[in-house]
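Asker: no letters, just coordinates:
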């Protein structure tokens, strides 16, 4: 959307104030995010009949009319023969807060992510890490754009071994090489793994990083500061609830967005996850199965879902203090795996409480008998089966 000639320039802060004023004056339950959605829809469709606009933004017609009335009173919109459109001041407001609503394709992004394989540290399976494919990173950036959650946004990534923040930062930089499509977002990462934070800073210096264990509440400096949270937590009900609670601590206002990835659990596990979403005060806008794909991980068939959540006025963490419950997959479903050395056929146990917690660490140390670093998984046991009297032994 090109700037209209002769209109007054607005700063993002001015636009944000207008959104808040209009939401309050029209008693819009969706808050300033609802006003922003209406303005973007007008910018995309103008001139647009009010009934069509109401359908597009999924609001009742009287509510939409009330918001348009308040926008018109502030010189943001005007009537046209075929519906409502933005004034010059309205166009300036939209561009100042969320950029060009028609610019939602990431053409060429995958080409500037070719070096991520070398920059991302080896996945630590004890932290349930699994690297998303480059194609998934591109889909995620596109999804943020589609849902007005990139330009001008304050985005927090709760855990980011996938380097989604890097993909966003590089897309913004690529756009800046031409004509930026919107105001620059601020990108912040919180991750327990210092290797991840170091790699992100090398790959995208503009991203702010914090090494922090999310079992503990967010630092005060990160609470109630963000418009958007992106998270791909451990695929356990406890991990989902914990990370969504930290997301609730992070967002500043109702209507804030949370993009939440989760493995496809059994029905009982998914019921717990959905109960946590509702209990915290998030509402599901969209739920897309098999949205994410991961490199070399056979867990959960290499895929996970994407959920787009919105913060309700009742948003509040159900877990406020330090979390001491089961978090990672190994905590919930502890497994002992037995690997056979391809050099001498000796068998070695891998898992929590064993000499090697992962097969990667066994390979690094090599077979104690023949020094081979090649192993084949022979079998596995649940910890309970392994430790019961008369259970399987090495």
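Answerer: Structure's in. What do you need? Keep in mind it's a predicted model, so treat the numbers as computed, not measured.
Asker: local confidence estimate at residue 120?
Answerer: You'll see residue 120 listed with a pLDDT of 86.
Asker: quick check, it in contact with residue 131.
Answerer: Yes. The criterion here is C-beta atoms under 8 Å, and residue 120 meets it with residue 131 at 5.8 Å. Yep, even glycine has a C-beta here, placed from its N, CA and C like the rest.
Asker: residue 119 versus the residue nearest to residue 367 when sequence neighbours are not counted, what's the distance?
Answerer: In space, and not counting its chain neighbours, residue 367 is closest to residue 341: 4.4 Å by C-beta to C-beta, 6 or more residues apart in numbering. Residue 341 sits 32 Å away from residue 119, taking C-beta to C-beta, to the nearest Å as the criterion.
Asker: okay, the two: which has more neighbours?
Answerer: Neighbour tally, residue 341 and residue 119, criterion other C-beta atoms under 10 Å: the higher count belongs to residue 341, 21 against 15.
Asker: who's the more buried one bridged to?
Answerer: Beta bridges link residue 341 to residue 375, judged by DSSP bridges.
Asker: might you report the residue contacts of it?
Answerer: Residue 341 makes contact with 347-348, 367, 369-370, 372, 374-375, according to C-beta atoms under 8 Å, 6 or more residues apart in numbering.
Asker: so where's the longest strand in the protein?
Answerer: strand 282-293 (DSSP state E).
Asker: show me how far that one is from its chain's centre.
Answerer: Relative to its chain's centre, strand 282-293 lies at 11 Å (C-alpha atoms, centre = their mean, to the nearest Å).
Asker: rounded mean pLDDT for it, please.
Answerer: Strand 282-293 carries an average pLDDT of 95.
Asker: got the contact list for it?
Answerer: Contacts with strand 282-293, where a contact means C-beta under 8 Å, 6+ apart, come from 132-133, 135-136, 139-140, 143, 232, 244, 247-248, 258, 261, 264, 274, 277, 302-312, 315.
Asker: now the helix or strand harbouring residue 247, how far from the centre of its chain.
Answerer: Using DSSP states H and E, residue 247 falls within helix 237-250. How far helix 237-250 lies from its chain's middle: 12 Å, per C-alpha atoms, centre = their mean.
Asker: swap in stretch 286-294?
Answerer: Relative to the chain's own centre, stretch 286-294 is displaced by 12 Å; criterion: C-alpha atoms, centre = their mean.
Asker: go on, stretch 39-51?
Answerer: Mean-position distance between stretch 39-51 and its chain equals 28 Å (C-alpha atoms, centre = their mean).
Asker: buried ones in that stretch?
Answerer: 39-43, 45-46, 48 (16 or more other C-beta atoms under 10 Å).
Asker: for these, give me CSV that also has pLDDT and distance to residue 82.
Answerer: Below are those laid out as CSV (pLDDT from 0 to 100; distance: C-beta to C-beta, whole Å):
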residue, pLDDT, distance to residue 82
39, 94, 18
40, 91, 19
41, 93, 15
42, 94, 12
43, 92, 15
45, 92, 10
46, 91, 9
48, 95, 8
